[in-house]
Structures are given as structure tokens and as C-alpha cells.
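Colleague: Predicted model and sequence below, questions to follow.
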Amino acid sequence: MKYIAVTGGVLSGLGKGIAASSIGRLLKARGFKVTAIKIDPYLNVDAGTMNPYQHGEVFVLGDGGEVDLDLGNYERFLDESLSSEHNITTGKVYLSVINKERDGKYLGGTVQIIPHITDEIKKRIRKVGRESDADITIIEVGGTVGDIESMPFLEALRQMHREEGGHVNFLFVHTTLVPILGTVGEPKTKPTQHSVKELRAIGITPDIILARSEKPIPKKIKRKISLFCDVPERAVVSAQDVKSIYEVPLNFEKQGLTDYIIERMELNNGYEQDIREWEKFVKRLEKAKGEVEIAIVGKYTGLKDSYISHKQALAHSSAETGVNVKIRWLEADDIERDGDIDKFLHGVDGVVIPGGFGNRGIEGKIMSIKYARENGIPFLGICLGFQLATIEFSRNVLGMKEADSTEFDRNTPYPVIDLLPEQKDVKKMGGTMRLGEQKVFIEKGSTAYKLYGKTEISERHRHRYEVNPDFIEKIQEGGFIFTGKDSEGIRMEIGELKEHPYFIATQFHPEFKSRPMKPAPVYLGLVKAAMEYRKKKGS
Ligand code: GLN
């Protein structure tokens, strides 16, 4: 078992997650089995209770883990499915150490950060590596070197480096920023020098430096970083801005990063290289012609990372169809306030309503659904989007004007979306939703069947509310058909409009399983329908 730790310096948001994912992809392309762990030094046990405005989207794993969005990047780049153990937080670590202490497991000893917390961290990392049966485990440390919160984690990694036998088995990759300043546009290396110094102060010497910059870093600057930071010039890699995140592995590969890692870790490189398949995918993405415009009507659109998996599912569909997908980000609140829906949605070729919680923006989303339904614009509703499509149909087609979800109006006379009895008594917030992969059974002959090509699928979930069984018959009679159900036939999973070119909504989240070269079927279907719609429109 070998490990590569990825740390970050200077500032946060450098794209460490993409860097870690890219290194993983490159090593996978050389035939190694790779897995990845994200360390989040915050005190939350998991990301389940976090507002997307703070850390972006809450990603959902197959086992129901609600985790940092970087796990989504790992899954997409590595094409592997991970479990919640791959996200280690301070909350999880302390919770288990404190529980052990309360159970008397420390036999009267003083429980301390070193060694008890650090031991727990190391144990968790090694367990993931072992259970994934990986050749290489990549560990990304969230935050920036120097933060108080990440200290115990860095200390644990420092210890592991020694225990595992040094750089042959444990490599440190440090991501820093090389800003380009002044009128002459000179790349500045001082922040990198300082951040490496900071790392050294805690006993970690980087093996590789990934220098983030707007433009490719010239040889002269690489040499300077090499000199000041005591790494070979080959180990200084330029991580300049690129058009698409999927280009990052190709940029690293070109600079010889994979070869350098293989050499330094004495990895046995006896496999065929298959990065070409990835290359083809990136080319298809970049050579896409024409355009369709898809609106995403959300409530956290100010931070695009809140909807990162939707964005990626559309990118995967773009590469597959060869057409550019432009996203029109719309804030449901604004639509609601303004009231003129045509102004917002005029000209779009498709509409996506993503998941969400709480009242804000609900009416703006319902207005958007109505507009898509009435104007034959391709529509995809996800989770809350599915529930709102059900509400919109009940209100505007079936005449139940006050139809609602009990999440928004407890006293509605038409609770078309409601809690099932087992959810009614749940008081705790964290980890109590219907989470993770669940089987969905699809009706033959439906649009969903056409898209998936099978009657049994497995998709990820994160919701509390369901279509109320008391209204199912009435809604279906009206023409909104539930073509996907859970194994008991109690929970409605997919809804489709009969009289519409493409109007489909899912209670589950297909975006979490969309991967490069394997776009989620309902997104691919949406983009294809949008192309058709655009063609008919004649523009
Ligand atoms: N708020 C809704 C529920 O809890 C939808 C959740 C979601 O969109 N992820 O059921």
C-alpha cells in the first residue's frame, strides 16, 4: 500500500480536489488501483447538515454518506464508487475517540490529541486503503497549511510518512499559488516559498509542488521554485488555468508528472497506458459544435459549486452528443419577485429544477415548471424538482389550487407531497433522510425505460418527503404518470408527462452517478431533447 498526500498552501480554493483527482486518474491509467480520501478539518460529523452556500453541493455516496463535493470529483475522475469512510472529518474522529473514552477503552489514560486523535486518523486512513484493496491511496487535506484545524491531520500524515518507510511509500504533493503581478506580468514565487516553509516547520517536506497559476509557468520560474523549495525541477509542475477541469490530467501528464511519481515511489510500471480514452473525451468536449441553452433554476446559484454535479452531468452529456451546453443560471427568488417568467426563460432549450430544502424560491420554481410544461420545453426535475412538478401539475392541471408539500405548508388541503409515517417521528437532523442507493423499478414503454434501457436501476437518494399515496391515482389519471417506483411500490420515483416532448422528473439524484463517458441517462435525454427542440424552433 502506498499513499500520496495532497496539501494546499497560500489560500483555499486552489483546486486541490481536481489536482488530487487528476493524479488519481493518471495513475489509474497506468494500471494501478487507486482510491481517494478527503480530510475535512471542520467539526461537523458530515456535510449533511451544511448549507451549500458554505462549502458547495452536498455530495451523496452509494452508502448514503453525505459528503464534501470533492468526493464527487474523485468518483468522476477515478470512475470508482466510494463510501463515507473516504471522507474523514474532525467531527468523526473526535466523536469516535470521545465515545471510546466514555466506554473506558483507554484504561484510565489521559486522552490527548497526540497520540489518540492522530492514531485514530492514521487508523481510518489505513483502513480505507486496506479495504479498497488499492495500490495507491490519495489523501487530500482540506483547508490551508497553517490552519489550526488541520494540524492534527498533518501531524498524523507526518508520522505515517515515517512509519510507511518514507517517500517510496508516502509522497507529499503541495499545491500553491503563483500569482502573476504587475504590468510586466511576472509570476511571483514568494507565496510558494513561504507556504513550503510553513509545511517544513511542521516536519513535512514536499516531494512535488503543483503551482497554480493563470498561465503556464516558465522554466525559469520552475527553476527558482526548485531551488528555494528544495525539490528537483521535474517535481515542479505548472497547474495553469485550463478550459475544462477534465484537461488537468492531460496537462500534468505532458509535464511528466506520472513518470516522476512512478520513479520516485518505485512503482512497477508494467501496464498499458490508457489515458488516450480520457483524451478523446476531452477533445469531444472541447470540439463540441453548436449550442443548446439549459436553464438551472435554483436557490444557491450565486455559488456555482452548489450545483456542481448537475453541471458535470451536462458536461458529460455535451461530450456525448457533441453539442455545447450553455447554462443559464437563474435564481428562483428573482423570478418570484419579478413575476414575468417569460423574461427569464425566453429562448432556453431546456429547464432543470435541482434539489433543495425549505420554502425560499419554491414559487419561482413552480412558475418555471409551468412555463416548460405549457411551452413544450424539455424539462428535468430532480428530487425537490420532482416534488414541485407534482405540485405544479396538481395545482394547474388538476385544479387543486392549494396543493403543496407539507414541508412548505403543513395545513394544505391537498398535501400531494407529504412525509410517510416512518418519517413523521424523526427529530434528529443528521443522517435521518432516505439516503443513498436504492433500487428503482421502471415501467416498460415509458420514457425512463427508453433512457435507461432496463426495468431495474439503482440510484442515489437524499430526501424526506414523498408523493402522498392518497393522490397518486388522481394525478396519474390526469396524465402525470409515475413510471418508476421503489421495490415496495409505495414510493414514487419517476414522473413523466404524457403529452410533452420531454418532461421527466426523478425523486432520486441521477447527477451523482454521472461520469465522463457515461452520462446520466436523464441528462443525456434532456440535452438530446433540447437539440431537437432547438432544431424545430429553427435557430
Ligand atoms: N426537501 C425535499 C425532501 O426532503 C427534497 C429534498 C431534495 O431535493 N434533496 O424530500
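Modeller: Nice, I can see it. Numbering: from 1, shown residues only.

Colleague: quick one: low-confidence ranges for the stretch 301-450 of the chain?
Modeller: Residues of the stretch 301-450 of the chain that meet the criterion pLDDT under 70 lie in 429-431.

Colleague: Identify the residue spatially nearest to the residue of the chain found nearest the ligand, adjacent ones excluded.
Modeller: Proximity to the ligand, evaluated over the chain using CB to the nearest ligand atom, is greatest for residue 355 at 2.7 Å. (Each C-beta comes from the backbone N, C-alpha and C, glycine too.) Leaving out its chain neighbours, the residue that sits closest to residue 355 by CB to CB, 6 or more residues apart in numbering is residue 383, at 3.5 Å.

Colleague: so the one you found sits right up against residue 509, yeah?
Modeller: Yes. Using CB atoms under 8 Å, residue 383 is in contact with residue 509, at 5.9 Å.

Colleague: overlap in contacts of these two?
Modeller: Both residue 383 and residue 509 are in contact with 355, 462, where contact means CB atoms under 8 Å, 6 or more residues apart in numbering.

Colleague: sorry, back to before: need the contact list for the residue of the chain closest to the ligand.
Modeller: Contact partners of residue 355, counting by CB under 8 Å, 6+ apart, are 382-385, 462-463, 509.

Colleague: Quick check: strands, which of these are part of them?
Modeller: Among these, the members falling in strands (DSSP state E) are 382, 462-463.

Colleague: check the residues you listed against the ligand, which are close?
Modeller: Restricting the ones in strands among the contacts of residue 355 to those within reach of the ligand (CB under 6 Å from any ligand atom) leaves 462-463.

Colleague: how many other residues sit next to the residue nearest to residue 355?
Modeller: For residue 383, the neighbour count with other CB atoms under 10 Å is 23.

Colleague: any idea how far it is from residue 464?
Modeller: 10 Å (CB to CB, to the nearest Å).

Colleague: And residue 87, by the same measure?
Modeller: Between residue 87 and residue 464 the computed distance is 22 Å (CB to CB).

Colleague: So for those two, which residue has more residues nearby?
Modeller: Comparing residue 87 with residue 464 by other CB under 10 Å, the one with more neighbours is residue 87, at 26 against 15.

Colleague: For that one, give me its contacts.
Modeller: Taking CB under 8 Å, 6+ apart, we find residue 87 in contact with 37-38, 40, 46-47, 65, 67-68, 71.

Colleague: Tell me if I'm right that residue 43 and residue 95 touch.
Modeller: No. Using CB under 8 Å, residue 43 is not in contact with residue 95, being 9.6 Å away.

Colleague: Near the ligand, which residues of this structure? Just list them.
Modeller: 355-357, 383-384, 387, 407, 462-465.

Colleague: which one of those residues sits closest to residue 109?
Modeller: Nearest to residue 109 among the residues of the chain next to the ligand: residue 462, at 39.9 Å, using CB to CB.

Colleague: Is the closest residue to that closest one other than its chain neighbours bridged to anything, and to what?
Modeller: Excluding the flanking residues, the one nearest residue 462 by CB to CB, 6+ apart is residue 60, at 4.9 Å. Beta-bridge partners for residue 60, by DSSP bridges, are residue 66.

Colleague: mind checking pLDDT for residue 60?
Modeller: Listed pLDDT for residue 60 reads 96.

Colleague: give the contact list for it.
Modeller: Neighbouring residues of residue 60 by CB under 8 Å, 6+ apart: 66-67, 435-436, 460-462, 509, 512.

Colleague: farthest pair in the residues you listed?
Modeller: Spanning the widest gap among those are 67 and 461, at 14.6 Å by CB to CB.

Colleague: In stretch 301-314, which residues are buried?
Modeller: In terms of neighbour count (16 or more other CB atoms under 10 Å), stretch 301-314 has its buried residues at 301, 303-304, 306-314.

Colleague: Stretch 79-95 too?
Modeller: Counting neighbours by 16+ other CB under 10 Å, one finds that the buried residues in stretch 79-95 are 80-94.

Colleague: Filter those residues down to the ones in helices?
Modeller: 90-94 (DSSP state H).

Colleague: in what helix or strand does residue 475 lie?
Modeller: Residue 475 is part of helix 472-478 when elements are defined by DSSP states H and E.

Colleague: same for that helix, what does it pack against?
Modeller: Other helices and strands packing on helix 472-478, by 3 or more CB pairs under 8 Å, 6 or more residues apart in numbering; DSSP states H and E, are helix 384-396, strand 480-485.

Colleague: can you redo these as TSV with mean neighbour count and distance to residue 12?
Modeller: Formatted as TSV, the helices and strands packed on helix 472-478 follow (neighbours: other CB atoms under 10 Å; distance: least, CB to CB, whole Å):
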stretch	mean neighbour count	distance to residue 12
helix 384-396	25	29
strand 480-485	22	40
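
Colleague: Show me the one of these that comes nearest residue 177.
Modeller: Nearest to residue 177, of all those, is helix 384-396, at 36.8 Å by CB to CB.

Colleague: Could you tell me which of the buried residues of stretch 301-314 are located in helices?
Modeller: Among those, the residues falling in helices (DSSP H) are 308-314.

Colleague: I'd like the residues you listed laid out as CSV, including distance to residue 224.
Modeller: Shown next, in CSV, are these (distance: CB to CB, whole Å):
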residue, distance to residue 224
308, 35
309, 39
310, 41
311, 36
312, 36
313, 41
314, 40
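
Colleague: ranges for the helices of the stretch 201-350 of the chain?
Modeller: 219-229, 248-254, 257-264, 275-286, 308-321, 332-338, 341-345 (DSSP state H, counting those that start in this stretch).

Colleague: of these, which approaches residue 13 most closely?
Modeller: Using CB to CB as the measure, helix 308-321 is the one of the helices of the stretch 201-350 of the chain that comes nearest residue 13, at 13.2 Å.

Colleague: now residue 171, what's its secondary structure?
Modeller: Three-state call for residue 171 (DSSP: H, G, I helix; E, B strand; the rest coil): strand.

Colleague: in terms of contact, does it touch residue 4 like I think?
Modeller: Yes. Using CB under 8 Å, residue 171 is in contact with residue 4, at 4.6 Å.

Colleague: Just send the ones in strands among the contacts of residue 355 back as JSON lines, with distance to residue 117 and neighbour count too.
Modeller: JSON lines is the format used below for the ones in strands among the contacts of residue 355 (distance: CB to CB, whole Å; neighbours: other CB atoms under 10 Å):
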{"residue": "382", "distance to residue 117": "38", "neighbour count": "26"}
{"residue": "462", "distance to residue 117": "30", "neighbour count": "21"}
{"residue": "463", "distance to residue 117": "34", "neighbour count": "21"}
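
Colleague: Point out where the stretch 151-300 of the chain drops to low pLDDT.
Modeller: Counting by pLDDT under 70, the ranges of the stretch 151-300 of the chain that qualify are 269-273.

Colleague: Please enumerate the strands of it.
Modeller: Secondary structure of the stretch 151-300 of the chain (DSSP state E, counting those that start in this stretch): strands at 170-177, 180-181, 186-187, 208-213, 236-240, 289-298.

Colleague: Just tell me which of those strands ends up closest to residue 473.
Modeller: Smallest distance to residue 473 across those (CB to CB): 29.3 Å, for strand 289-298.

Colleague: still on that earlier bit, overlap of the contact sets of residue 171 and residue 4?
Modeller: In contact with both residue 171 and residue 4: 261, 265, using CB under 8 Å, 6+ apart.

Colleague: What residues of the longest helix seen in the chain count as buried?
Modeller: The single longest helix within the chain, with elements called by DSSP H, is helix 521-537. Using 16+ other CB under 10 Å as the test for burial, helix 521-537 gives 521-531, 533-534.
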